[in-house]
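Undergrad: my questions are about this predicted structure, shown below with the sequence.
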Amino acid sequence: MLDYVWLIPVFPMIGVIINGLLGRNLSKRTVGVVACGVIGLSFLTALLIFIDLVQLPPENRSFEKIIYTWILAGDFKTNIGFLVDPLSIIMMLVVSGVSFLIHIYSVGYMHDDEGFRRYFTYLNLFVFSMLVLVCANNFLLMFVGWEGVGLCSYLLIGFWYQRKEPADAGKKAFVVNRIGDYGFLLAMMLIFVTFGTLNFHGVFEAAHHFQTGNLAILAITLLLFVGATGKSAQIPLYTWLPDAMEGPTPVSALIHAATMVTAGVYMVVRCNVLYVLAPVSLTVVAIVGITTAIFTASMALAANDIKRVLAYSTISQLGYMFLACGVGAFTAGIFHLMTHAFFKALLFLGAGSVMHALAGELDMRKMGALKSHVPKTYWTFLIATLAIAGIFPFAGFFSKDEILWNAFQTSTLLWVLGAGAALMTSFYMFRAVFMTFHGESRVDPEVAKHIHESPPVMTNPLIVLAILSTIGGFVGIPIIKGWNVFHDFLSPITGGHAVESAKITFTHLAYASGQAASAGEAAHHHVGLEILMMIVSLIIAFGGLGLAYYMYIKDPSAPKRLAERFRGLYNLLSNKWFVDEIYDFLFVNPIKRGSGFLWRFFDAKVVDGMVNGSGGLVRWGSSVLKRIQTGYVQNYALSILIGVGAILFYLVLR
Amino acid sequence: MDLAIPKIDIGSLGPELILSIAAIFILMFTVFLPKDKKDPSAYMGLLGIIFAFVSTIFLWGNSRYAFNDMILVDNFGLFFNIIFLISAGMSILMSINYMKEEEMDHGEFYALILFATVGMMFMAVGTNLITVFLGLETMSISIYILAGFLRERNRSNESALKYLLLGAFSSAFLLYGIALIYGATGTTDLKGISEFLSKTTYLQDPMLLAGMGLLVVGFGFKIATVPFHMWTPDVYEGAPTSVTAFMSVGVKAAAFAAFVRIFSHSLWDLQPDWNQILWILSVITMTVGNIAAIAQTNIKRMLAYSSIAHAGYIMMGMVAANELGTSSILFYLLAYAFMNLGAFAVVIVFEKKEEENLLIDDYSGMGFKYPALALLMSVFLFSLAGIPPTAGFVGKFYIFSAAVKAGYIWLAIIGVMNSLVSVYYYLRVTVMMYMNEPKVELKGLSWSPSMVIALIIAVIGTLLIGIFPSPYLDLARQSVSLFM
Amino acid sequence: MTAFFFFSIATVTVISALLVILLRNPIHCALSLVLTFFSLAGLYVLLNAQFIAAIQVIVYAGAIMVLFLFVIMLLNLDKVEKVRERHPLQKAFGILVASLLLVALGSVAATGFLYGSKGVHTAAEVGAIGNTKAIAGLLFTDWVLPFEITSILLLAAIVGAIVLSKREL
Amino acid sequence: MIPISYYLILSAILFTIGVIGVLIRRNAIIIFMSIELMLNAVNLSFVAISKHLDSLDGQIFVFFVMTVAAAEVAVGLAIIINLFRNKETVNVDEINIMKW
Amino acid sequence: MNHSDFPILSLITFLPAVGAILIMLSKREGVTQIRLIALVASFMNFLFSLPLFFSFKSDFTGMQFVEQVPWIREYGMSYFVGIDGISLLLILLTTFFAPICVVACWKDITKRVKEFMICLLLLETGMIGVFVSLDLFLFYVFWEVMLIPMYLLIGVWGNPARRIYAAIKFFLFTMFGSLLMLVAILFLYFYNHSITGEYTFNLLKLYELVNIPTSYQIWLFLAFFLAFAIKVPMFPFHTWLPDAHTEAPTVGSVLLAAVLLKMGTYGFLRFNMPLFPVAAHDFVPLISILAIIGIIYGALVSMVQKDLKRLVAFSSVSHLGFVMLGLFALNVQGVQGGLIQMINHGLSTGALFLIVGMVYERRHTRMIADFGGLSKVMPVFATIFMIVTLSSIGLPGLNGFVGEFLILLGTFKSNVTYAVFAATGVIFAAVYMLWMFQRVMFGEVTKEENKNLKDLSMREIGVLVPILIFIFWIGLYPKTFLSKTETSIQHFLSEFNKKYEACIQNEKNDFLAVNTGEELTVKK
């Protein structure tokens, strides 16, 4: 079965070809069936492969399938080949699974859109690229998927291209991603120059011969991380994600919550061998991660557009994941990635269903008291909220807690910040819940007339996801030995080695936080401490809940007062810290103006000026010489005479 | 005392005699021809040229002095004879219909062309300054008359007068130069001169150098080098177009023949001195010629300037002063004959009475009204511009290679830059023909069988030499190998 | 003795030549040119080139100048040239350059070496046969070809002159 | 015995006078005369040189020059007459239709 | 060097010319007939060129399908043609595009069809000739000949506004460079004679000149460099390109972009580097930096263009910067990448010009501002346009990526800094292309005229699809093409290095450093 791994990406491609080429002649129904079917098939394949894989003994749970040699130039050689190992298989399952659900949901959601077929073509194309990304057995092929998903997000964000914002957002997304890819590209070259290959195995094998702190590897990892920040919307390249919400909601769910944006995390984990060798870059990763988490969470506090709230929360959750990687808890990162995929997808779909009910309304200030009208949506949404807020026993609790615990082990400061982010998270999420479903209705009347629950085709995926986000966490129960199946499954990839090295690097942070880091091995035995931590984080979560409850149910005027009191802060938040404006001011406009100058002045005047100038010079000379030809025979005689004189003087009197 | 009559070697004078006889016949018979039925005289002329050609072929290969070293009938001279005959024949072909239209078709015209040709031939074969001088004068006087042949035309008169005055002026200098050289060396015989120079110990004799300089002036005038060029545009513009064609090729070639023979042969020992001068002359000539040509509006004037520029290129061959250089001069002149005559032929076809259709603007839109004519014109112009696969390209190629071979890299670079400039004004004509809409309604063309023949010869020559140059190169090389 | 002749004739020549280019009336110019020719003939005699001197008088002073005068009369140009300076600069500059030319040619004439190998026709020998006969001898033997060329030259010239000036062809 | 250079200098002077004549006179005919003057100057040096070198070539040359001069004059005057017929002038300043 | 029993190269070179002659003979009224002749001629030519590809020996280092006939024996010129991996693909590119162009201008060109087709076919002959000739003289002849038809294409059928200016500019610009090259060729010729005592323009013989003193190499290199750099065009010499592209008729721009520009890069590969290795080595920094400037500059400038064609033209400057960079990385990846990128640029930019031409045909404007929302009106067009755009952005999986990546890789290997700067081009490419695409295709259909534009006709699709096929082919399975070039390039590089070492050796024990044959002491 393992040999058929190539089927996993191929199925969606088939979908693309069918829908793309002869989609025009197919009924919407068929298109939908095809689109969902192919994804379903690849999910099944992934499942089967997973089963095969777990049968193997853990140490050789890694399998490569080479299709053909892609590029061969001198000593440079890359294959089209796929790699099956615990990490990739989990990604495959998550990706294909979640996207399967979202496909189904989309059938309902996009039903009345005339771009229906185009939509599904793009969507399949996306799944294809995403699967290529996660299955690839070398960096270059991964890059193919990497760019592919970027393209699809461009296409899907700009799906409603008639309106300006989506088109702009799409472009922004692609370009910002490109900036990240720039890093990735350079990283790849450096990798090739350093290791002589781009194949994962080859590279990671060779990496063992390098010792920690090697500069080349440092550079590689940093560059790769640049790529990751682009794709996974981390500071400084996160700005495209909020705008990406212009796309259809399922797209936001699939691409900008569940799958694509997590590619960065996946890539970092994939390269954990390298990162471990470069503690500094780990530090960077962690810092960027946590900063992003806090920073964007803060933006979510003041956002009123439900999807933007979710977007910011996505970014901050991604921040968490990077934090995990940064502190060397790669497993935790992936774990959170998975659970996040579930509940965040669910949240988006829920939001989508709400919009569906409210004829596309996004502003939470125009919602409220929907609880009764859209029960299924409400309950699933609530579950998801609980999950993301990290309340026991929902999936989010386990994953987030594992991250915080690892962070705590590394440095308290990181933990404090993480906890703060968690607080905000639960606050704004419940704020969203309360503003949307509780309180008195602020929906404008004519919309209010026909509020209706979404059709089953949309709600069923919600339910499935709800279940997943409820129980999904139990694959990784901490503390009790051997119950953390997830961790054990991944350990061949991430290896136990990670955490220690992380420790060392963070000691200096530890000083900052004013208490020495506890040694890693020991950490596992501080069961008591770990449980304590859990409780603390639970309290935090509930704190957020309570605060939200107080401000939006008990005393609805509180937010306004707050806004009055901290006007400056509020503006800052509601304007997303003016980051977009700053970027425009710093980069975009100068480049535009500069190019204009280059063209209008330098190209037209200077370079071309020289060309035409020389031409003009000749023409001028010509007109002068023309004048000399006076037509008076005696002038001519004179010129002859001058010539004679010149020659004679040259010859005789020199 | 007794008159030792020297051996009279009539054979060696074959071409010259045939032409003179033909001319005299024309003069005699044209009288009896009815008015504006003078074609037979033209045909007689052509016949004469053909015979002269044949006799030239016969003379080929065995070079000999004749008439007490007055002339040397060698391949060099004969090669030039061929060029003269081609240009004369072509001019006659072009003239037949043209002169009719101008209502000036007289037998004398053709006779004079033949006389001029005879003069040229004596310049080419003459090995005594006197022979050369007389040949030059014969040629010039005939050309003065031909230039002024359209008596009612102010332009024609004017060009004749200007050419005459300046021509006489410059030949006075030439004569002075001859006198000085005669004084310095004691002889006017080229062989004698070179022998003297090879013997003498003192080459810095100012009289000698001055004489040499004045010879440069005299020939420089005829081949139209700057600053002795100023007559060219006016004379070319005013003269009957067919005569202009004849001048631009024949006169130039003849002058070069004598120039090369005298300088690369008898004055060889002064080479370091004249080389400098010719280097400078060649550079300013081509530069001025090309640049001035750009601003021209009258196509004949433009071609005049272009012919000045070409004189500059050809002089590069003399500057190079090696066998390749000399042979490239010969080759270039041959190529130049075809392309330039062709260009003028087109001008004639397109020209109307009273100097109509002579402005470059008049050519606009011609390309698609008269595709054949335009195509021919483009071929000739591209050839003049030196773009393959035409004779002009190969010619330039050899001239430049001669310069490079002799180490005059900079001269070569200046040369190519000049031909870049020249491309601009040649292109302008094609632009007019193909890229502009006709400004005025174009009248019909004045085709005539003879003209068609002329054009065909020209275009075949241009392309043939361009694509398969080697036989002609061989000819050129044989022609120079003897006296170098 | 010869010196006296030479210098006197030379002065006459120069003066008359100057008159040619300075006098306003074409007729006068022509006449002074005639005078120049005569004096040149005189110089030729001094250089014992009697034959040349003779034809100088016959051809130049006789034929050519008559032709000039004839034309001047014909076109009745015997009026003072209109003094309308188109370009005085040309005039001044011309004279300047011409005088430079004089410097050059003069220096050449003064410093020129005539190393040329001496010929056979020493004055004595020529005197023996007589200048004219000697020249004739050469002309019809060694120089016969140029002589013939001149015939063509003249023919062409005659034809040309007729073609150009004959009223009705 | 007059040194040859005297003759040569004299001829140079005459030649220059002729040149100046060409340059400053407006009347075509007079210009033409000046040219004749130049030719004669050259003739003078020819004769002088031939005397000096004891060779008659110079004198023969002069003979030919005279012929040429005659021919030139004939043609030239014909042209001038012709011109006069058309333009009623022999002033070279008015003979400049063709320029530039 | 293996001679071919059948003169296939000559056939391919001159078949179009024959077609042109046929057209000359046919009546100008019979437009369809003329078009058919042109189509048949060019298509036959394409078919004939296929055997080249298949019977080409990939593992053979020397020249193949060689034909040699003495032309001007005494001056050592010969009709000497042959190809190796380097020229093979370019020839195929040419023959591939010719029929496409004929079809593309089927409706587009209605005035003076006869002359147009003649020019087109002659142009093809010229271009192929340049790629096949192994004799410097022959090469120069073709190089110049090819100018004339292109000049006419631009000047006669270009769009009225500034076509003449553009045509003349194109002609003079190119001429300028090539004339200096001519002098260099002559110098080389005589230099060779002074060393070997043989007069020859045979390129392979001239390759054997190992000890050209550096002082000469520099100048010769510069002369050739100018000719080719103008053609490429490299950064400071590029200004003719936008004008030529903008004013030329669609087909003209297509051929210009697809093939003519490649002659420059090809020239570097075929003449500059092998003939003057030392100079080439010394000039690497200069050229690389110019190339990088070109990459970034071209991208920035095309970002602010208002005219579609101009935009694409400047993008060419950027792309060819990549090619040059790759070639002068002087390692397998770089050169391979450069070569494949030549083909890619040909395909994608050619296609872009075709596409622009198609909308121009419909709307008679190329101003970006006049469009917007076209994908609504013409979906098929939108799809194809998108794919081509992506290929020129260099999206992995499409052709552009393979080339760019190899180039950058090669550059990176030879000099990291260059690579770091050059790679930014990848970002900018995305910016200007997507922005253009967005402005043209996205948004509401604002202009009335755009409301009911017809989508692509079968003919137009037929024109574009072949190109798309290759875009994907090269993107997904470049091996087909890389394998053909591999050996030649390996050989090329090894030869290059050998010669370089040899020269350096000669410089060291300065043997022959000064004495260069008596004929070649430069005067004045």
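TA: Perfect, thanks for sending it. Numbers count the residues shown, from 1 in each chain, chains lettered A, B, ... in the order given.
Undergrad: quick one: B:K300 and B:I348 touch, right?
TA: No: look at B:K300 against B:I348 with C-beta atoms under 8 Å: they stay out of range, at 10.2 Å. Every residue, glycine included, has its C-beta placed from N, CA and C.
Undergrad: which parts of the helix-or-strand element of chain C with minimal mean pLDDT are buried?
TA: Within chain C, no helix or strand scores below helix C:123-129, which has a mean of 80 by mean pLDDT, DSSP states H and E. Within helix C:123-129, the residues that qualify as buried are C:V126, counting by 16 or more other C-beta atoms under 10 Å in any protein chain shown.
Undergrad: ok, E:F43 to chain B distance?
TA: Remark: distance between E:F43 and chain B (C-beta to the nearest C-beta, to the nearest Å) = 26 Å.
Undergrad: which residues touch the residue nearest to B:G250 when sequence neighbours are not counted?
TA: The shortest distance from B:G250 to any residue other than its chain neighbours is 4.3 Å, reached at B:S87 (C-beta to C-beta, 6 or more residues apart in numbering or on different chains). When contacts are counted by C-beta atoms under 8 Å, 6 or more residues apart in numbering or on different chains, B:S87 touches B:245-246, B:249-250, B:253, B:337, B:341.
Undergrad: cool, and C:I162?
TA: C:I162 touches B:108, D:78, counting by C-beta under 8 Å, 6+ apart.
Undergrad: helix or strand: which one has it?
TA: C:I162 belongs to helix C:144-165 when assigned by DSSP states H and E.
Undergrad: ditto for E:I427
TA: Taking DSSP H and E as the definition, one finds E:I427 inside helix E:416-441.
Undergrad: quick one, strands of the chain?
TA: Looking at chain A here, since you left the chain open. Under the criterion DSSP state E, chain A contains strands at A:63-73, A:76-84.
Undergrad: my bad, chain B
TA: For chain B, the strands defined by DSSP E cover B:64-66, B:71-73.
Undergrad: give me whichever of these is most buried.
TA: strand B:71-73 (a mean of 26; mean count of other C-beta atoms under 10 Å in any protein chain shown).
Undergrad: quick revisit: pull out the buried positions in the helix holding C:I162.
TA: For helix C:144-165, the neighbour count (16+ other C-beta under 10 Å) marks C:144-150, C:152-157, C:159-161, C:163-165 as buried.
Undergrad: residue 16: neighbouring residues, count only.
TA: Going with chain A. Applying other C-beta atoms under 10 Å in any protein chain shown, we find 24 other residues in the vicinity of A:V16.
Undergrad: oops, chain C please
TA: Using other C-beta under 10 Å, C:S16 has 22 other residues around it.
Undergrad: which residues touch it?
TA: Here C:S16 is in contact with C:32-33, C:35-36, C:39 (C-beta under 8 Å, 6+ apart).
Undergrad: wait, what's in contact with the residue of the stretch 301-450 of chain B found nearest chain C?
TA: Closest contact between the stretch 301-450 of chain B and chain C, by C-beta to the nearest C-beta, is at B:K353 (18.2 Å). Going by C-beta under 8 Å, 6+ apart, B:K353 touches B:101-102.
Undergrad: now do the contacts for residue 68.
TA: No chain in the question, so chain A it is. A:79-80, E:477, E:479.
Undergrad: you answered for a different chain; I wanted chain C.
TA: With contact set as C-beta under 8 Å, 6+ apart, C:F68 has these partners: C:30, C:33, D:29, D:32-33, D:73, D:77.
Undergrad: report the two of those separated the most.
TA: Greatest spacing in the contacts of C:F68, by C-beta to C-beta: C:L33 and D:L77 (14.1 Å).
Undergrad: please identify which of those two sits among more neighbours.
TA: Of the pair C:L33 and D:L77, C:L33 is the one with more neighbours under other C-beta under 10 Å, namely 29 against 25.
Undergrad: and the helix or strand where that one lies, does that touch chain D?
TA: Using DSSP H and E, C:L33 sits within helix C:26-46. Yes: using C-beta under 8 Å from any C-beta of the partner chain, helix C:26-46 reaches chain D at C:26, C:29-30, C:33, C:36-37, C:40, C:43-44, C:46.
Undergrad: helices or strands up against that helix?
TA: Packing partners of helix C:26-46 (3 or more C-beta pairs under 8 Å, 6 or more residues apart in numbering or on different chains; DSSP states H and E): helix C:2-22, helix C:50-55, helix C:65-74, helix D:4-24, helix D:28-53.
Undergrad: now do it: distance to the chain's middle.
TA: The chain centroid and the centroid of helix C:26-46 are separated by 8 Å under C-alpha atoms, centre = their mean, to the nearest Å.
Undergrad: avg pLDDT for that helix?
TA: If you average the pLDDT over helix C:26-46, you get 92.
Undergrad: OK, contacts around the residue nearest to B:Y472 when sequence neighbours are not counted?
TA: Once flanking residues are discounted, B:Y472 sits nearest to B:I465: 5.5 Å by C-beta to C-beta, 6+ apart. Taking C-beta under 8 Å, 6+ apart, we find B:I465 in contact with B:334-335, B:338, B:391, B:394-395, B:472.
Undergrad: and for A:V84, the neighbour number?
TA: Look at A:V84: counted by other C-beta under 10 Å, it has 26 neighbours.
Undergrad: quick one: residues contacting it.
TA: Under the criterion of C-beta under 8 Å, 6+ apart, the contact list for A:V84 reads A:2, A:5, A:49, A:53, A:62-65, A:135.
Undergrad: can the least confident helix or strand of chain C be found next to chain B?
TA: Yes: shown here: helix C:123-129 in contact with chain B (C-beta under 8 Å from any C-beta) through C:I129.
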